[in-house]
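Enquirer: Dropping a prediction and its sequence here:
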Amino acid sequence: MPPKKSLAMVQTGPKKIERMDLPIPDITADTALMRVEACGICGSDYEQYEGVINMPMKVIPGHEPIGYIEAIGDNAARRWGVNVGDRVAVETMISCRFCPPCLGGKYHLCDNRRIYSYIPIDQGAGLWGGYAEYMYLDPNTILHKLDKTLPTEIAVMFNPLGAGFRWAVEIPQTKPGDTVVIMGPGQRGLSSVAAVKEAGAAKVIVTGLEADRPKMAIAKLFGADHTIDVQNEKAKEKVKEYTGGRGADVVVDVSAYATEPVTDALSFVRPGGTIVLAGVKGYKPVPAFISDMIVMKEITIKGA
């Protein structure tokens, strides 16, 4: 029998998180309860904490959780292919499965999507985030069974690792021989480096700040050919030098908050190349964004 209450860290306002004991909901035939093992953290978690994201309070943050199935209904067990005791990773989005994007396979763009960690605790089951002992799994949850032998610190990286492949390989269609610039050496940037090298990229360039030098050293371990400290080096000239004056086939901006990388990407990419914008900027405008560069260079820009 699962416990009756769960400890949860509840965000009650900007920069305010309180410890609360919340009731554990009844589990029906289509739902489940997960005992949280670990939960990742990303740039949007920071924005949520700071109050940049306009959302209702009170909520339990954390949308990159892994854990063990504590209780599960018969229908949910059959649908997800898991049982009590199985280890799982939970995707961020809760999609409806019936709208045009869902039916077209793009469930992350669901017209009626909800997001774990953004649903207030006074709605439905309440345990909607990973910063808690237990987490409720909605019937429309998408989850993945995990090998129990995979170390926690690796397993909890499922979200950034998946993002690295999707943002840097799948969306821009990176192919063998391409030159790729990754802007931002955070966990998703480093995951992007690993992904494009696995996809056969011939040259990988990573940009970051002076404070990012330890992470840029890791980027080289992951296969980056060059790193650029944008605070102390002339990044545009360096990219031009490293690409033989041609520019990169693919540029992926995974930097958080900073808007300068968006405009820099227009200079880094070659004519006919692709830019993927994946780093959130807190809804700030981008100064000095010259749209004519997109037109004249026939650049493709994609969101991720």
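Expert: Perfect, I can see it now. Predicted, not measured: the structure shown is a model, and the values here were computed from it.

Enquirer: Any chance you could give me the longest helix along the chain in CSV, C-alpha atoms only?
Expert: Longest helix in the chain by number of residues (criterion: DSSP state H): helix 187-198. C-alpha atoms of helix 187-198 as CSV (Å, rounded to 0.1, in the frame of the first residue of the first chain):
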residue,chain,number,x,y,z
GLN,A,187,23.9,20.0,-20.3
ARG,A,188,21.9,20.3,-23.5
GLY,A,189,24.7,21.9,-25.4
LEU,A,190,27.1,19.1,-24.4
SER,A,191,24.4,16.5,-25.3
SER,A,192,24.1,18.2,-28.7
VAL,A,193,27.9,17.8,-29.2
ALA,A,194,27.6,14.1,-28.5
ALA,A,195,24.6,13.8,-30.8
VAL,A,196,26.1,15.5,-33.9
LYS,A,197,29.3,13.6,-33.6
GLU,A,198,27.4,10.4,-33.5
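
Enquirer: what's the model's confidence in the following helix or strand past that helix, averaged?
Expert: Downstream of helix 187-198, the first helix or strand assigned by DSSP states H and E is strand 203-208. Strand 203-208 carries an average pLDDT of 98.

Enquirer: Could you check how far G126 is from D21?
Expert: The spacing between G126 and D21, counted by Cβ to Cβ, to the nearest Å, is 11 Å. Where you see a C-beta, it was placed from the backbone N, CA and C, and this is true even at glycine.

Enquirer: The two: which has the busier surroundings?
Expert: Each of G126 and D21 has its neighbours counted (other Cβ atoms under 10 Å); G126 has more, 22 against 10.

Enquirer: Now do the strands for the stretch 1-150 of the chain: every range, in order, please.
Expert: Taking DSSP state E, counting those that start in this stretch, the strands of the stretch 1-150 of the chain run over residues 5-13, 16-23, 32-39, 65-72, 87-90, 93-94, 114-115, 134-137, 143-145.

Enquirer: my bad, the stretch 151-300 of the chain
Expert: Applying DSSP E, counting those that start in this stretch to the stretch 151-300 of the chain gives strands spanning 179-183, 203-208, 226-229, 248-253, 269-277, 300-303.

Enquirer: and of these, who's closest to L137?
Expert: Between L137 and these, the tightest spacing by Cβ to Cβ is seen for strand 300-303, at 28.1 Å.

Enquirer: Parallel or antiparallel, list what pairs with that closest one.
Expert: Strand 300-303 sits in its sheet next to strand 269-277 (parallel), going by DSSP bridges.

Enquirer: Now the strand it pairs with - C-alpha only, PDB.
Expert: Presented in PDB, the C-alpha positions along strand 269-277 are these (Å, rounded to 0.1, in the frame of the first residue of the first chain):
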ATOM      1  CA  VAL A 269      25.600  30.100 -40.500                       C
ATOM      2  CA  ARG A 270      26.500  29.600 -44.200                       C
ATOM      3  CA  PRO A 271      24.100  30.700 -47.000                       C
ATOM      4  CA  GLY A 272      21.400  28.200 -47.300                       C
ATOM      5  CA  GLY A 273      22.200  26.800 -43.800                       C
ATOM      6  CA  THR A 274      19.900  26.100 -40.900                       C
ATOM      7  CA  ILE A 275      19.600  27.700 -37.400                       C
ATOM      8  CA  VAL A 276      17.800  26.000 -34.600                       C
ATOM      9  CA  LEU A 277      16.700  28.200 -31.700                       C
END
